[in-house]
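Q: Compute the structure for the input listed below.
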Amino acid sequence: FLTARGQEEDILSGYDLGCDDYIVKPFSLAELYAKCKALLNRTESLMREKMLQYGDVGTNEELLNIKHREEQVLRAIKTALKEGTFQVFYQPIYSVEKQCYTAAEALVRMPDTKFGFISPEEFIPIAERNGIILEIGEFVFRTVCDFMVKERIWEKGIENIHVNLSVVQCMQERLAQNFLDIMKEYDLPCNRIHLEVTETVAVVSSKCLSVNMHRLIENGVQFALDDYGTGFSNATSLVEYPYDIIKIDKGVVWAAMENENAMKVLSHSVDMIKSLNKNIVAEGVETKEQVEILQQLGCKCVQGFLFYKPMSFAEIEEKNIL
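A: Next up is the predicted model:
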């Protein structure tokens, strides 16, 4: 949608009607280009090796199957919201400097009795396209706040929990106020929450995100840039937004372990981030050798399967992590 109607109800109505994205006038060509690129990236796997011709109307069995699957997942999402079956898992973040777990990332999971495990990589984009991601996002945030307050996890060494924000959430003018209200409701100190955004989110929702970020930061919330190294304007993101933490994408870490030039890129990236006085979390860590190399480069925190996969609170208790 390209429109002058920018109120929250207008945006939600647009997504309910089926729009893929929503741009409020006035907008720049750079913003329009970024949104188009983000949409193309989301549909690249679907359209790869497909040819669309004007005036040629036909059907494609594969595309129909994909559409059918999306409809099934959408119904499963609505059922999970109605029945409250979404779950929040947590993946610990390990401090190499302190030699202990100091944080965790909250990750939403959707078990389904009919389809079994549905990956977040599949259901989150569908939820975003249909506007349902707002309900899922609030569920996750409330669950995290409730968990932190009930368990008082900061007294057990976990200083904060990272919560991911979607593109649609960051487009909401009341995002900051809604989150502040929820934290007040649970009596949770704002400095216990770190919000993660990807570079795509920052580009698509730049103006609204900036306003929300500053409002939340004023109250003690911190922000992390997720998947660093996979975007197309990393330097711009680092300069324009007040991130406290930069999470280096697992692809960058893995490539550096196999390629000398990639290692140079990682090393220089770490040096640059440190010079900006920002903290670093290296993702995708799977071996002790990777930890040693990352520590030598100056990464103080790491996250990955070496230090546990995402797990439920019951598993956290069982493994005595807290």
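Q: What are the buried residues along the longest strand along the chain?
A: Of all segments of type strand in the chain, defined using DSSP state E, the longest is strand 100-112. If you call a residue buried by 16 or more other CB atoms under 10 Å, then strand 100-112 has these buried ones: Tyr101, Thr102, Ala103, Ala104, Glu105, Ala106, Leu107, Val108, Arg109, Met110, Asp112. (C-beta placed from N, C-alpha, C; glycine too.)
Q: and the fourth one, what is it in contact with?
A: Okay, so that is Ala104. The contact partners of Ala104, taken as CB atoms under 8 Å, 6 or more residues apart in numbering, are Tyr90, Gln91, Pro92, Ile93, Ile158, Ile161, His162.
Q: Show me the residues you listed that map onto strands.
A: Using DSSP E, the subset of the contacts of Ala104 located in strands is Tyr90, Gln91, Pro92, Ile93, Ile161, His162.
Q: Can you tell me which of the residues you listed is nearest Pro26?
A: Distance from Pro26 was checked for each of the ones in strands among the contacts of Ala104 by CB to CB. The minimum falls on His162, at 34.0 Å.
Q: residues in contact with the closest one?
A: Contacts were defined as CB under 8 Å, 6+ apart; by that measure His162 touches Ile93, Ala103, Ala104, Glu105, Ala106, His194, Leu195, Glu196, Ala224.
Q: picking up where we left off before, work out the sheet partners of the longest strand of the chain and label each with its direction, please.
A: strand 87-95 (antiparallel), strand 116-118 (antiparallel), strand 160-164 (parallel) (DSSP bridges).
Q: Helices along the stretch 151-300 of the chain, start to end?
A: Chain-ordered helices for the stretch 151-300 of the chain, with DSSP state H, counting those that start in this stretch as the definition, fall at 167-170, 175-186, 199-204, 206-218, 234-240, 250-258, 260-275, 288-297.
Q: what's the most buried one of those helices?
A: Burial of these is given as mean neighbour count (mean count of other CB atoms under 10 Å); helix 167-170 ranks first at a mean of 24.
Q: Any idea how many residues pack against Ile316?
A: When counting by other CB atoms under 10 Å, one arrives at 21 neighbours for Ile316.
Q: Oops, could you answer that again for Phe89 instead?
A: Around Phe89 there are 18 other residues, counting by other CB under 10 Å.
Q: ok, back up a step: now render the helices of the stretch 151-300 of the chain as TSV, adding distance to Phe27 and mean pLDDT.
A: Below are the helices of the stretch 151-300 of the chain laid out as TSV (distance: least, CB to CB, whole Å; pLDDT from 0 to 100):
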stretch	distance to Phe27	mean pLDDT
helix 167-170	15	88
helix 175-186	19	97
helix 199-204	11	76
helix 206-218	10	91
helix 234-240	17	77
helix 250-258	31	95
helix 260-275	31	95
helix 288-297	40	96
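Q: Ok, which of these comes nearest Tyr22?
A: That would be helix 167-170 among those, by CB to CB, at 8.7 Å.
Q: Give me the below-cutoff pLDDT ranges for this protein.
A: Flagging of the chain using pLDDT under 70 yields the residue ranges 16, 29-30, 33-34, 37, 40-61, 205, 231-234, 322.
Q: Quick check: of the contacts of His162, which lies closest to Ser13?
A: Taking CB to CB as the measure, Ser13 sits nearest to Leu195 out of the contacts of His162, at 25.9 Å.
Q: Glu105 bridge partners, please.
A: In this structure, Glu105 has the following beta-bridge partners (DSSP bridges): Gln91, His162.
Q: That one against Asn160, yeah?
A: No - between Glu105 and Asn160 no contact is recorded; they are 10.2 Å apart, counting by CB atoms under 8 Å.
Q: Going by neighbour count, which of the ones in strands among the contacts of Ala104 are buried?
A: Buried members of those, counted by 16+ other CB under 10 Å: Tyr90, Gln91, Pro92, Ile93, Ile161, His162.
Q: Include distance to Gly18 when you put the strands paired with strand 100-112 into TSV, please.
A: Listed next are the strands paired with strand 100-112 as TSV, based on distance: least, CB to CB, whole Å:
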stretch	distance to Gly18
strand 87-95	28
strand 116-118	21
strand 160-164	24
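Q: So for Leu2, which of these sits nearest?
A: With respect to Leu2, and counting by CB to CB, the nearest of these is strand 160-164 at 27.7 Å.
Q: Only alpha carbons, please: show the closest one as CSV.
A: Extracted as CSV, the C-alpha positions of strand 160-164 are listed here (Å, rounded to 0.1, in the frame of the first residue of the first chain):
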residue,chain,number,x,y,z
ASN,A,160,18.6,-9.7,30.8
ILE,A,161,16.6,-11.5,28.1
HIS,A,162,16.7,-10.6,24.4
VAL,A,163,13.3,-10.3,22.6
ASN,A,164,13.1,-10.1,18.8
